[in-house]
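Participant: fold the following and give me the result.
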Amino acid sequence: MIFSCNFVLYSTLLFRYFFVLTPMSFLKSKKYYAVLLVLLVIVVALPFVRGRKKFITNSGVVWTTEYHITYESKVDLNDSIQKVLAAVDKSASPYNKQSLVTAINEGRSDVPDAFFVKLYNKALEVNKASDGLYDPTVMPLVNAWGFGYKSGKLPSQQQLDSIIAFVGMQHTKLENGKVVRDDSRVQFDFSSIAKGMACDEVAAMLARNGARNYMVEIGGEVVAHGVNDRGTPWQVSVDMPVPDGDNGPVHSNAVVLSIDSLAVATSGSYRKFKEVNGKKVSHIVNPKTGESSTSTLLSVSIVAPDCMSADAWATACMAMGLESTQAMMENNKTLGVMTISTDDAGNFIVWSNQRFADLMIQE
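Facilitator: Next comes the predicted model:
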């Protein structure tokens with residue numbers, strides 16, 4: 001309808017100018033017909049030019065990490081992106097005192113929203129598949145080791161044992177539209193999976209608004225669909241596990257992946273750790289023993305159909321350790337997995353299953 005109205009308007013104006021106001025001598029010249037042809041082409045093409053899609057990038061900071069979202073669209077969708085990120089934060093951020101998960105942890109609510117249900121169900125799925133080593137209720141143990149809200153000296157085994165008593169998804173369930181905890185001290189922390197869900201939710205919003213080519217990256221977690229502005233599949237670089245330098249993170253490519261309609265997430269212990277009394281303490285904590293990870297496994301990268309799964313499994317594999325991860329994932333046809341570990345001499349050892357290797361760009 002808009003195109004039809006514009007076409008009629010522009011055509012009417014051209015007719016009035018060239019047939020009513022233009023001198024007769026010019027109407028009979030070749031220049032007149034040339035100019036008329038050019039203007040007619042512009043009139044017809046204008047609606048298409050104005051509505052043509054282009055690649056747009058929106059960047060910023062959320063949850064203390066950077067995000068970069070590139071998509072092909074007729075309009076800038078940054079406002080919608082902000083609404084999605086704000087909605088995820090309001091539901092799932094344990095550091096937001098007004099969030100739903102905080103209210104549930106503090107006993108002020110037991111009614112989950114749609115985001116909480118998604119996070120809980122995916123966490124429960126991966127928890128069972130990893131024999132309980134992935135667990136979003138591990139937050140009190142992480143805090144005891146000096147991460148999260150608290151910091152301080154190393155916890156004693158007695159302290160860890162007292163916390164383990166109420167850590168575990170087996171102490172929780174969703175029942176009749178309510179979150180049920182058999183101990184009020186159970187705390188949910190979906191930080192290891194919420195960024196992945198946020199990537200999925202932003203991607204879904206872009207798709208609803210007509211975007212077919214896009215890449216959503218939040219803090220290193222990525223969802224990509226279609227092609228980039230060069231018309232080729234999206235490329236995602238996976239870092240080597242190099243510790244941060246004096247000027248911030250050091251980025252050194254381990255591999256580059258070519259992906260379409262897939263997600264990538266990486267979890268590692270090489271950046272998020274601290275030293276207490278000369279001991280390196282990782283934020284990856286075994287929910288069964290309460291011990292901080294001391295594995296030679298430095299990072300795990302997962303390729304999955306959705307970013308929430310990739311995010312959860314990357315953390316799960318870090319908790320499982322090198323040998324268990326490789327044994328479980330070697331023949332997996334759905335999840336692509338790459339581990340980077342060290343040998344006794346400190347050399348990097350890179351391993352991947354075939355699903356992951358199939359996506360690697362050979363240099």
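
Participant: from here on, contacts and neighbour counts on C-alpha atoms
Facilitator: OK.

Participant: quick one: average confidence on stretch 335-348?
Facilitator: Regarding stretch 335-348, the rounded mean pLDDT is 92.

Participant: and it, end to end?
Facilitator: In stretch 335-348, first residue to last residue: 22 Å (Cα to Cα, to the nearest Å).

Participant: next: stretch 182-192.
Facilitator: 23 Å.

Participant: kindly report the same for stretch 123-137.
Facilitator: So stretch 123-137: terminal residues 10 Å apart, Cα to Cα.

Participant: next: stretch 167-186.
Facilitator: End-to-end distance for stretch 167-186, by Cα to Cα: 6 Å.

Participant: what comes into contact with it?
Facilitator: 104-105, 107, 110-112, 124, 127, 132, 135-138, 140, 166, 187, 287 (Cα atoms under 8 Å, 6 or more residues apart in numbering).

Participant: the same query, at a cut-off of 6 Å, please.
Facilitator: With contact meaning Cα atoms under 6 Å, 6 or more residues apart in numbering, stretch 167-186 is reached by 110-111, 137-138, 166.

Participant: in it, which residues are buried?
Facilitator: Across stretch 167-186, burial judged by 16 or more other Cα atoms under 10 Å covers 167-169, 172, 179-181, 185-186.

Participant: dump these to TSV, plus secondary structure, pLDDT and distance to Val238.
Facilitator: Converted to TSV, the buried residues of stretch 167-186 look like this (DSSP: H, G, I helix; E, B strand; the rest coil; pLDDT from 0 to 100; distance: Cα to Cα, whole Å):
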residue	secondary structure	pLDDT	distance to Val238
Val167	coil	94	32
Gly168	coil	95	31
Met169	helix	96	31
Thr172	strand	97	35
Val179	strand	98	37
Val180	strand	98	39
Arg181	strand	97	38
Arg185	coil	95	37
Val186	coil	96	35
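
Participant: okay, strands next: where are they in the stretch 151-300 of the chain?
Facilitator: 172-175, 178-181, 214-218, 221-225, 234-239, 253-259, 262-268, 273-276, 279-282, 297-304 (DSSP state E, counting those that start in this stretch).

Participant: please name the strands paired to the second one in the sheet, noting orientation.
Facilitator: If I follow you right, that is strand 178-181. strand 172-175 (antiparallel) (DSSP bridges).

Participant: chain center to the strand it pairs with, what's the gap?
Facilitator: How far strand 172-175 lies from its chain's middle: 26 Å, per Cα atoms, centre = their mean, to the nearest Å.

Participant: quick one on the thing from earlier: in a markdown table, list the contacts of stretch 167-186 along with secondary structure, distance to Asn331 and pLDDT.
Facilitator: Formatted as a markdown table, these follow (DSSP: H, G, I helix; E, B strand; the rest coil; distance: Cα to Cα, whole Å; pLDDT from 0 to 100):
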| residue | secondary structure | distance to Asn331 | pLDDT |
| --- | --- | --- | --- |
| Asp110 | coil | 40 | 97 |
| Val111 | coil | 39 | 98 |
| Thr137 | coil | 29 | 96 |
| Val138 | coil | 29 | 91 |
| Phe166 | coil | 35 | 94 |
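
Participant: adding distance to Asn213 and neighbour count, write the residues you listed out as CSV.
Facilitator: Shown next, in CSV, are the contacts of stretch 167-186 (distance: Cα to Cα, whole Å; neighbours: other Cα atoms under 10 Å):
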residue, distance to Asn213, neighbour count
Asp110, 39, 18
Val111, 36, 17
Thr137, 36, 23
Val138, 37, 27
Phe166, 45, 20
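
Participant: of the residues you listed, closest to Val256?
Facilitator: Comparing the contacts of stretch 167-186 against Val256 with Cα to Cα places Val138 closest, at 32.5 Å.

Participant: and the closest one, its phi and psi?
Facilitator: With angles defined as degrees, to the nearest 10, Val138 sits at phi -80, psi 0.

Participant: show me the residues around it that make contact.
Facilitator: 167, 287.

Participant: switch to 10 Å and redo it
Facilitator: 163-164, 166-169, 186-190, 284-288, 290 (Cα atoms under 10 Å, 6 or more residues apart in numbering).

Participant: hmm, Thr137 is touching Phe190, no?
Facilitator: Yes: here Thr137 reaches Phe190: they are 8.4 Å apart, a contact under Cα atoms under 10 Å.

Participant: so which of the strands of the stretch 151-300 of the chain comes closest to Gln157?
Facilitator: Distance to Gln157, taken as Cα to Cα, is lowest for strand 279-282 among the strands of the stretch 151-300 of the chain, at 14.9 Å.

Participant: any idea of the mean pLDDT in the closest one?
Facilitator: 53.

Participant: list residues touching both of Thr137 and Phe190?
Facilitator: With Cα under 10 Å, 6+ apart, Thr137 and Phe190 have common neighbours Ala123.
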